[in-house]
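Chemist: predicted model follows, preceded by the sequence.
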Amino acid sequence: MSSASPEAAAGSTSQALLGIGVVLIGAVMAYGATFISSEAGYAGVGPNALPWLVSVVLMVCGGWLVWEARSGGYRELEAPSGAERADWHAVAWVVAAIVANACLITTIGFILACSLCFALAVRGLRISEGKPGGGPRSSAIDFATGMAIAAPVFWMFTKLLAINLPGLTATGWL
Amino acid sequence: MELWNQLMGGFATAATPMNLLWAFLGCVIGTGIGVLPGLGPAVTVAMLLPITSQVEPTASMIFFAGIYYGAMYGGSTTSILLNTPGETGTMVTALEGFKMAKSGRAGAALATAAIGSFVAGTIATVLVTLFAPVVADFAVTLGPPEYFLLMLLAFTTVSAVLGKSTLRGMTALFIGLALGLVGLDQITGQVRYTAGVPEFMDGIETVLVAVGLFAVGETLYLALYEGRAKADLNKMGSVHMTRKEWRRSWPAWLRGTLIGFPFGAIPAGGSEIPTFLSYATERKLSNHKEEFGTTGAIEGVAGPEAANNAAVTATLVPLLTLGIPTSVTAAILLSALQNYGIQAGPQLFTTSSTLVWALIASLYIGNVMLLVLNLPLVGLWVKLLKIPRPQLYAGILIFATVGVYGMRQSAFDLFLMLGLGLMGVVMRRFDFPTAPVVVGMILGPLAEAQGRNALSIGSGHWSVFVERPLSVVLLLLLAAVLVLPKLWRLLRRAR
């Protein structure tokens, strides 16, 4: 199908790239498998057997995906739901929210880090709906809302279930 | 008689105030997350896995089972009113139920879904009570070769049969197997794929994969592609059925239960196939064919809803008796048991019989609780659908953090969670099934151990897999599962 529309062409390019990605994962698995001993014992297959199998199958699957992509696209593909174009601006905020949380959770504690994560994520998701992200006032409200969710969760886990979550202080309350 | 005594013993354990409270809590949370789009029972149980370090096993299994069950009830509410099925199994309910709601019969649809779930859930629990011990007795005689083949069968059905594309299903399965390889080898204790990162020594946590793929993936996908998609809420009527609707519903409930149970019970699970089968059956048998797909036929809600619940309940049979999970949630329940060092399998009925019977008894109790929670109180649950989407999904991220971080207190895991979330987005965009990843990751190490043990028994000869009659049967079954759907498709095309 060489007369496909530009969108379909772009689609099959990304499909092919994804297939290459799968091949690469398989290759990395194969590289890792070389470090695993083949000491087999009575079984005849050792700890490196499944790793090799997985890496070979992944490379074959990846190659096959590339082939499908090059010959008219993935088979039996259901059209993905949602918009044609990705909203990178919106998702950047959500990714930032998770990254900030991961970076800060041990230093500023669970409650504050999660409230920040909540506020940033809400901002991103609001932008994705085509609404303005909101000024400092609404961000402050979001932060407070996040706190109202995160704080009880934190107390429930640390006080009731005695599960360790990091706090800003050692009191177990913040 | 022994069965009866054991069941009564189970009720005695399950009906202690503390355990009743756990069951109730599970049912409430389950219904809530079932109603809310974006969270399924699998992710929720995964997020709550950290509690396994503190709560005793029986209580937490009762709690998790309540969530699993409750989500089925709640999910149908959402698919009827909002037409966005939270669970794949309720896809068919959305088909007819949403049509009924559109033509002003939401109340009847909700009622038949809830009562149908109750009827099917209870019958299926009775069947589990009767069959599970028998299967367990039989399963004791199975050796590693049979187990290995059974697990291969589960892999095959989850990845190749349930999805549309075998290739994408297989890719997903092997990605899952790859994730499962990280950490210590079960048999030799050798370190694999840790790349010098100490966090990888213990392997990749189930919570991390489930939460990353589903909760975080869903949130990122929403931000990327679905922000502008609008969903409108149907109006609710009063929740009751007329005499005529009762008459049309009950045969559909029973048929749905009969169709659903076997699909869940054999290690070839999934609730999509039985719900679609039930839908097709009802459509064929109905005296009101004109209502299907137009104004909405009540049988089209009653049957699939019952089939879904029966199938979900029946997945407990392979899970408890063989230790083989056939759905994502079952896989996560298995890893909850693993956290306690409890090996699911035929021995479970002897070594942890209190737990098993309390769990089964709590299913009876949970079904009653859920009927009460869902019929008169459905109006309360619907209010949950009014939470604005940004706040809802941002809130999910907080809970995701609790689950992932709470498991082993490592910020590194939060980065991994993001990575898996991005993978989830790509998989969803390119129509890769995600269930095989989770099942492959959890079942993979077990299957590997069984396979290698089997080969040890056969002193390295692969013929060990064809020397025993049952393993031959399983091999044939495996071949049939792989070939038959393709053949069927070819035949249909030829016609």
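Modeler: Nice, I can see it. Residues are numbered from 1 along each chain as shown, chains lettered A, B, ... in the order given.

Chemist: so which strand or helix has residue B:80?
Modeler: For residue B:80, the element it lies in under DSSP states H and E is helix B:57-81.

Chemist: name the helix or strand of the chain that has the lowest mean pLDDT.
Modeler: Unless you meant another one, I'm taking chain A. One helix or strand of chain A scores below all others by mean pLDDT, DSSP states H and E: helix A:6-33, with a mean of 87.

Chemist: was after chain B, sorry
Modeler: Ranking every helix and strand in chain B by mean pLDDT, DSSP H and E puts helix B:91-102 at the bottom, with a mean of 80.

Chemist: which secondary structure elements does that one contact?
Modeler: Contacting helix B:91-102 under the criterion 3 or more Cβ pairs under 8 Å, 6 or more residues apart in numbering or on different chains; DSSP states H and E are the following elements: helix B:57-81, helix B:106-139, helix B:272-285, helix B:299-314. Backbone N, C-alpha and C define where each C-beta goes, glycine included.

Chemist: then the last one to CSV, C-alphas only?
Modeler: Backbone C-alpha positions of helix B:299-314 (Å, rounded to 0.1, in the frame of the first residue of the first chain) are rendered in CSV as follows:
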residue,chain,number,x,y,z
GLU,B,299,-31.6,-9.5,28.7
GLY,B,300,-28.6,-7.9,27.1
VAL,B,301,-27.6,-6.4,30.5
ALA,B,302,-28.8,-9.3,32.7
GLY,B,303,-27.0,-12.1,30.9
PRO,B,304,-23.5,-10.6,30.4
GLU,B,305,-23.5,-9.1,33.8
ALA,B,306,-24.2,-12.5,35.4
ALA,B,307,-21.6,-14.1,33.1
ASN,B,308,-19.0,-11.5,34.1
ASN,B,309,-19.6,-12.1,37.8
ALA,B,310,-19.7,-15.9,37.5
ALA,B,311,-16.4,-15.8,35.5
VAL,B,312,-14.7,-13.5,38.0
THR,B,313,-15.7,-15.7,40.9
ALA,B,314,-14.7,-18.9,39.1
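
Chemist: packing partners of it?
Modeler: Using 3+ Cβ pairs under 8 Å, 6+ apart, helix B:299-314 sits against helix B:57-81, helix B:91-102, helix B:106-139, helix B:243-265, helix B:272-285.

Chemist: after that helix comes which helix or strand?
Modeler: Next along from helix B:299-314, by DSSP H and E: helix B:316-322.

Chemist: what about the helix or strand that that next one is followed by, average pLDDT?
Modeler: Next along the chain after helix B:316-322, taking DSSP H and E as the criterion, comes helix B:328-339. Helix B:328-339 shows a mean pLDDT of 88.

Chemist: can you check stretch B:263-281 too?
Modeler: Here stretch B:263-281 scores 77 as its mean pLDDT.

Chemist: still on that earlier bit, most packed of the helices and strands packed on helix B:299-314?
Modeler: Highest mean neighbour count among the helices and strands packed on helix B:299-314 (mean count of other Cβ atoms under 10 Å in any protein chain shown): helix B:57-81, with a mean of 28.

Chemist: sorry, back to before: how far does whatever helix or strand comes next after the least confident helix or strand of chain A sit from its chain's centre?
Modeler: Next helix or strand after helix A:6-33 toward the C-terminus (DSSP H and E): helix A:49-70. Centroid separation between helix A:49-70 and its chain, computed with Cα atoms, centre = their mean, to the nearest Å, is 22 Å.

Chemist: buried ones in helix A:49-70?
Modeler: Across helix A:49-70, burial judged by 16 or more other Cβ atoms under 10 Å in any protein chain shown covers A:49-55, A:57-62, A:64-66, A:68-69.

Chemist: what does stretch B:189-206 give?
Modeler: Buried, per 16+ other Cβ under 10 Å, within stretch B:189-206: B:191-194, B:199-200, B:203-206.

Chemist: check contacts around the residue sitting furthest away from the middle of chain A.
Modeler: What lies farthest from the middle of chain A is residue A:42; by Cα atoms, centre = their mean that is 40.5 Å. Taking Cβ atoms under 8 Å, 6 or more residues apart in numbering or on different chains, we find residue A:42 in contact with B:455-456, B:459-460.

Chemist: so how far is residue A:54 from it?
Modeler: Relative to residue A:54, residue A:42 is positioned 23 Å away (Cβ to Cβ, to the nearest Å).

Chemist: ok, residue B:339 next?
Modeler: Spatial separation of residue B:339 from residue A:54 under the definition Cβ to Cβ is 25 Å.

Chemist: swap in residue A:121?
Modeler: 34 Å.

Chemist: and if you look at residue B:408?
Modeler: Distance from residue B:408 to residue A:54, by Cβ to Cβ: 25 Å.

Chemist: is the host helix or strand of residue B:173 in proximity to chain A?
Modeler: For residue B:173, the host element (DSSP H and E) is helix B:166-181. Yes. Applying Cβ under 8 Å from any Cβ of the partner chain, one finds helix B:166-181 in contact with chain A at B:167-168, B:170-171, B:174-175, B:177-178, B:181.

Chemist: residue B:204 belongs to a strand, doesn't it?
Modeler: No. Under DSSP: H, G, I helix; E, B strand; the rest coil, residue B:204 sits outside any strand and is assigned coil.

Chemist: can you pull the contacts of the spatially most central residue of chain A?
Modeler: Residue closest to the average C-alpha location in chain A (Cα atoms, centre = their mean): residue A:95, at 9.0 Å. Residue A:95 makes contact with B:220, B:418 under the criterion Cβ under 8 Å, 6+ apart.

Chemist: so it, which of the three states?
Modeler: Here residue A:95 is helix, with the state taken from three-state DSSP.

Chemist: need the per-residue pLDDT for it.
Modeler: Residue A:95 is assigned a pLDDT of 96 by the prediction.

Chemist: same question for residue B:237.
Modeler: With respect to pLDDT, residue B:237 has a value of 68.

Chemist: follow-up on the earlier one: pLDDT and neighbour count added to the residues of helix B:166-181 next to chain A, as a markdown table?
Modeler: As requested, these are exported to a markdown table (pLDDT from 0 to 100; neighbours: other Cβ atoms under 10 Å in any protein chain shown):
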| residue | pLDDT | neighbour count |
| --- | --- | --- |
| B:167 | 90 | 21 |
| B:168 | 92 | 25 |
| B:170 | 92 | 22 |
| B:171 | 94 | 30 |
| B:174 | 95 | 30 |
| B:175 | 95 | 25 |
| B:177 | 94 | 27 |
| B:178 | 95 | 26 |
| B:181 | 92 | 25 |
